[in-house]
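[1] Fold the stuff below for me.
(one chain, ligands or ions: 1)
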Amino acid sequence: MIENLPTPQNPLKIGTRGSPLALAQAYETRDRLARAFDLPDQAFEIVVIKTTGDKVQDRPLKEIGGKGLFTREIEDDMLAGKIDIAVHSMKDMPTLQPEGLLLDTYLPREDVRDAFISPRVNSFEDLPQGAVVGTSSLRRKAQLKLRRPDLQVVEFRGNLQTRLRKLEEGVAEATFLAMAGLNRLSMDQVPQTPIEVETMLPAVAQGAIGIERRADDMRMAAMLEAIHDLPTGKRLAAERAFLAALDGSCETPIAGLAVLEGDTIHLRGEVLRPDGSQALNDALRCPVEDGAKAGREMAQNLLQQAGDGFFDWR
Ligand SMILES: NCc1[nH]cc(CCC(=O)O)c1CC(=O)O
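    Sure, this is the predicted structure:
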C-alpha cells in the first residue's frame with residue numbers, strides 16, 4: 001500500500017522538456033502511472049522546463065559544451081522540490097546523475113533501430129555520389145562515413161519537426177531519426193526505412209524512456225516500481241556500463257546494444273573515429289544478471305584493440 005497517492009488537489013508533478021517527443025514520453029509515463037494506481041489524469045501535472053540545450057539552437061551541441069545540457073534545469077527543479085519526477089530519453093542521459101537523484105526506472109523499450117529518412121531514396125547505399133546528409137549525431141556521421149566516405153555530412157540540429165522541415169527545404173537529401181521517436185509520435189507518413197542493427201548499431205539506450213526521482217523520495221520509489229520494465233533494465237545495465245567504462249556520452253561516436261536471448265544477454269559494441277576512417281567492434285554473451293560486468297569487459301576489449309591514439313578525440 002502506498003500512502004499519500006496523488007490527487008487532483010495535490011497532483012504528482014512530472015517534469016519534461018517541451019518538444020513534441022518529450023511531451024509524448026511524459027504523457028506515456030502519466031498514463032502508465034494512472035493505470036497502475038487507478039488515478040485520474042488530473043492527479044498529474046505536466047511541468048514543461050526549458051533547458052540550455054533547448055534555448056541555444058544555432059550552435060553545434062559540442063560547441064556549447066558541458067554535460068547535462070538538456071537536463072540541468074530539470075534536475076535542479078527536482079532537487080528544489082518543484083517537480084516529483086522527470087522523464088527522459090535514456091539515450092541523452094549521462095551515465096552518472098547528480099548527488100541525490102536516481103535514474104533507475106525504465107518503461108518498455110521501443111524499436112531500437114535508426115531510420116533512414118529521405119523523400120527520394122530508400123537507403124544511404126542508393127544516395128548519389130557526394131550527396132549531402134544532415135545529422136548532428138557524431139555516431140551516425142561516423143557510421144555513415146565509414147560506409148560512404150564520399151557523402152557530405154552537414155550539421156542538423158533541432159527537434160524532429162525542424163529536421164524534417166530542413167529536408168523539405170532541400171538543405172540535405174537525407175537524414176537519420178530514431179524509429180522510437182517516429183513511432184511515439186505516430187509519424188508513419190514520413191518516408192522512413194528502418195536500418196537493421198547489423199548495418200548501423202544504435203546509440204546506447206536508444207528507444208528507452210527513463211524516469212528520474214529524488215533518492216530519498218520513498219513514495220516515488222514505490223510508485224515507480226509498479227511501472228518499471230525489468231527486461232529494459234537488464235539491457236540498459238549492460239549498455240550503460242559499457243558507455244560509462246568508455247567515458248562516453250551521446251556526443252561520442254560510440255554504439256552499443258544488448259539483446260535478451262532467454263537467460264542470456266547478447267551485447268554488441270562499436271567505437272569509431274569521428275571521420276569514419278575506422279571502426280572497432282566487439283560482442284559477447286553473458287548471463288542476464290552479469291550485464292554490467294560484461295559491459296565493462298567489452299569496453300576494455302575495445303580500448304585494448306584501439307591502442308594509443310584512437311581515442312585522441314576525447
Ligand atoms: N538526441 C535526440 C534524441 N533523443 C532521443 C531520440 C529518439 C528517441 C529515442 O531514441 O528514445 C532523439 C531523436 C533521434 O535520435 O532521432
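
[2] neighbours around Thr193, how many?
    Residue neighbour count, defined by other Cβ atoms under 10 Å, stands at 16 for Thr193. C-betas here are computed from N, CA, C, even on glycine.

[3] Identify the residues contacting the helix or strand where it lies?
    Under the criterion of DSSP states H and E, Thr193 resides in strand 192-195. Contacts of strand 192-195 with the rest of the structure, by Cβ atoms under 8 Å, 6 or more residues apart in numbering, involve Asp111, Arg113, Asp114, Ala115, Phe116, Ile117, Asn122, Ser123, Phe176, Leu177, Met179, Leu182.

[4] For the first one, which non-adjacent residue is spatially closest?
    Pointing back at Asp111 there. Closest residue to Asp111 in three dimensions, ignoring its sequence neighbours and counting by Cβ to Cβ, 6 or more residues apart in numbering: Met179, at 3.8 Å.

[5] From Leu185, how far out is that neighbour?
    To Leu185, Met179 is 11 Å away according to Cβ to Cβ, to the nearest Å.

[6] and the residue lying closest to Glu289 once chain neighbours are set aside, which of the three is it?
    With Cβ to Cβ, 6+ apart as the measure, Lys234 is the residue that lies nearest to Glu289, at 7.9 Å, once sequence neighbours are left out. Three-state secondary structure (criterion: DSSP: H, G, I helix; E, B strand; the rest coil) places Lys234 in helix.

[7] And for Lys234, the neighbour number?
    With other Cβ under 10 Å as criterion, Lys234 counts 19.

[8] show me what contacts it?
    Contacts of Lys234 (Cβ under 8 Å, 6+ apart): Ala258, Leu260, Ile265, Val288, Glu289, Gly291.

[9] would CSV of those residues with secondary structure be doable?
    Compiled in CSV, the contacts of Lys234 are given as follows (three-state DSSP):
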residue, secondary structure
Ala258, strand
Leu260, strand
Ile265, strand
Val288, helix
Glu289, helix
Gly291, helix
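
[10] For Thr199, state which of those is nearest.
    If you rank those by distance to Thr199 using Cβ to Cβ, Ala258 comes first, at 18.0 Å.

[11] count of residues packed around that closest one?
    Ala258 is surrounded by 29 other residues when neighbours are defined as other Cβ under 10 Å.

[12] What score does Leu160 have for pLDDT?
    With respect to pLDDT, Leu160 scores 81.

[13] mind listing what it touches?
    For Leu160, the set of contacting residues under the criterion of Cβ under 8 Å, 6+ apart consists of Ser19, Pro20, Leu21, Leu177, Gly181, Leu182, Leu185, Met187.

[14] thinking in terms of the whole chain, how far from its middle is the helix or strand hosting the fourth one?
    To tie it back to what came earlier, the one meant is Leu177. Applying DSSP H and E as the criterion places Leu177 in strand 174-178. Centroid separation between strand 174-178 and its chain, computed with Cα atoms, centre = their mean, to the nearest Å, is 14 Å.

[15] Nearest to the ligand: which residue in the stretch 201-314 of the chain?
    Going by Cβ to the nearest ligand atom, the ligand is nearest to Gln206 of the stretch 201-314 of the chain, at 4.1 Å.

[16] That residue: neighbour count?
    In terms of burial, Gln206 registers 28 neighbours under the definition other Cβ under 10 Å.

[17] in which helix or strand would I find it?
    When elements are assigned from DSSP H and E, Gln206 belongs to no helix and no strand.

[18] Hmm, it is touching Ala178, no?
    Yes. Between Gln206 and Ala178 there is a contact under Cβ atoms under 8 Å: 5.6 Å.

[19] Give the intersection of the neighbour lists for these two.
    Both Gln206 and Ala178 are contacted by Lys91, Asp114, under the criterion Cβ under 8 Å, 6+ apart.

[20] tally of neighbours for Arg296?
    Applying other Cβ under 10 Å, we find 16 residues neighbouring Arg296.

[21] Report the separation between the residue nearest to it when sequence neighbours are not counted and Ala34.
    Spatially, and ignoring its direct neighbours in sequence, Arg296 is nearest to Ala245 (4.5 Å; Cβ to Cβ, 6+ apart). Distance of Ala245 to Ala34, computed by Cβ to Cβ: 38 Å.
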